[in-house]
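Peer 1: okay, structure incoming, though there's no sequence with it:
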């Protein structure tokens, strides 16, 4: 089931969907991101991660307009520890490399550090491949 979050103008700024076939949660962020919207969206994606005991997140920022530096500290200090505590282990971040959103994503990546496996991608296919390989690697270790 897909969840859509809308801003005050009725525009969808985030869709969240558990991909049962691939066993990951897929966030697709759209447009300009406000601090309040980012908090609401990031918190909303914790629900399907927990419900499906999912350790993998595909976070797509290719359609984001502008930076979201205003929320990086909150993501690093508040959201990430809660996501990790409930079992998130792999975070694939997809961005357009020339965008301002890519700089915000890089700041988040640096802030999270080694607390979870996080990689940045400009190609969503490569991000999906990385998540699948991580799942296969984890399955072999069990």
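Peer 2: Perfect, thanks for sending it. Note that the structure is predicted; figures quoted are calculated from it, not measured. Residues are numbered from 1 along each chain as shown.

Peer 1: doesn't residue 3 belong to a helix?
Peer 2: No. Counting by DSSP: H, G, I helix; E, B strand; the rest coil, residue 3 is located in no helix; its state is strand.

Peer 1: what about it, distance to residue 15?
Peer 2: As judged by Cβ to Cβ, to the nearest Å, residue 3 and residue 15 stand 7 Å apart. No exception for glycine: its C-beta is placed from N, CA and C like everyone else's.

Peer 1: also residue 108?
Peer 2: 20 Å.

Peer 1: between those two, which has more neighbouring residues?
Peer 2: residue 108 (23 against 16; other Cβ atoms under 10 Å).

Peer 1: pretty sure that one sits against residue 73.
Peer 2: No. Contact criterion Cβ atoms under 8 Å: residue 108 and residue 73 do not qualify, at 9.3 Å.

Peer 1: so who does residue 127 touch?
Peer 2: 58, 92-94, 119, 121 (Cβ atoms under 8 Å, 6 or more residues apart in numbering).

Peer 1: which residue ranges of this protein form strands?
Peer 2: 2-6, 12-19, 24-32, 56-65, 90-94, 117-121 (DSSP state E).
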